[in-house]
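**Student:** Predicted model and sequence follow; I will ask about them next.
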Amino acid sequence: MRITFLLLLLFFLGSCISKKKHLEQVTLLQTNYETENKGLSHELDRARGEINRLELRLAERKGENNALTAMQDKLQGRIDRLEAEIENTSNNALSTKETLNQNIENKDREITQLRQLLVEVNLLLDDWEAQMTDITQVMKDSLQSFDEQLWNVETNNGNAVVTLKESLIFRSNSASRLEEEGIEALEKISEIIQRFPKTQMFIIAHTDNTTPRNRSYQDNWNYSTLRAAAIARLMTEEFYVSANQVTAAGKGEFAPITSNETPEGREQNRRIELVISPRAENMVREVRRKLASF
């Protein structure tokens, strides 16, 4: 449109002015046109550059936005995993707490049962100890007619222990010949043992540290063992004590109760001990019965 206008203008001017003037005017108009065209081209280039810059910034912003979006997605995924772990941990903790509480209840119940069992076993032991105390007293009463210097009865470690001096039971230097008074004492003791069939009796013979005068006895081990066997034989064969209640043993000179340096000490060491206690198998049976009930 602008070119058309210029041509009309040139045509009009051409009719009014000379050829020289006309050329000048055309040159001027062409120069102005070129100048204006360059300015417009420059503006266009600047506008295009601005458009490119804006497009670049937009791309950068889009990249930043994509990176932020990716980071957001990554963080959200981590948050989701952490929340799932927290929930799982919470559930596990709750389950563990319930399990621990149940275990504690079971242990408390078990402890209560064990305490009750301990009470029952202690009562059982108390009963056996009371029985040994009764036997001790009955033995004391039964032996009152004999010289008190020749015997002793006491409770020791839950057992009834009857100690008889050698001179009450055996003739001097003999392992088989018993004194009449000793036989009588053993008969009374046998009668008491028969009244308590759930007990056991250990017959333990002791000597001093002198060599037996009778050379037929190999040593004090042999001498004391023969004496214990003689008493066991008398009590089981003559006075009807059950043989399965009796154990005979000889300790020789190796369990003195005092020094063997004096005649008095050696006399005290020459003795017979009757150790009466609850039968081990009965005790075990009773304890097992208590255990089975829990």
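**Tutor:** Good, I have the coordinates. Numbering: from 1, shown residues only.
**Student:** Contacts for stretch 202-209 next, please.
**Tutor:** Among residues not part of stretch 202-209, those counted as contacts by CB atoms under 8 Å, 6 or more residues apart in numbering are 220, 223-225, 227-228, 231-232, 235, 246-253, 255-256, 260, 265-267, 269-275, 277. For glycine as for every other residue, the C-beta is placed from the backbone atoms N, C-alpha and C.
**Student:** cool, and stretch 179-188?
**Tutor:** For stretch 179-188, contacts defined as CB under 8 Å, 6+ apart pick out 142-143, 146, 151, 164, 167-171, 178, 231, 234-235, 238-239.
**Student:** what mean pLDDT does it have?
**Tutor:** Stretch 179-188 shows a mean pLDDT of 98.
**Student:** In helices, which of the contacts of stretch 202-209 fall?
**Tutor:** 220, 223-225, 227-228, 231-232, 235, 265-267, 269 (DSSP state H).
**Student:** re the thing from before, return the members of the contacts of stretch 202-209 classed as buried.
**Tutor:** Buried subset of those (neighbour count, 16 or more other CB atoms under 10 Å): 220, 223-225, 227-228, 231-232, 235, 246, 248, 250-253, 256, 260, 266, 269-275, 277.
**Student:** number of nearby residues for Leu40?
**Tutor:** Leu40 has 10 neighbours, counted by other CB atoms under 10 Å.
**Student:** residue ranges for the strands of this structure, please.
**Tutor:** Here the chain has its strands, by DSSP state E, at 151-156, 159-165, 199-206, 246-252, 271-278.
**Student:** Note down every partner strand of the last one and its orientation.
**Tutor:** According to DSSP bridges, the neighbouring strands of strand 271-278, each with its direction, are strand 159-165 (antiparallel), strand 199-206 (antiparallel).
**Student:** Pick out the most distant pair among the contacts of stretch 179-188.
**Tutor:** Ser142 and Arg171 (23.1 Å; CB to CB).
**Student:** Between the two, tell me which one has more neighbours.
**Tutor:** Neighbour count, other CB under 10 Å: between Ser142 and Arg171, Ser142 has more, with 17 against 13.
**Student:** what comes up buried for stretch 185-194?
**Tutor:** In stretch 185-194, counting by 16+ other CB under 10 Å, buried: 185-186, 188-190, 192-193.
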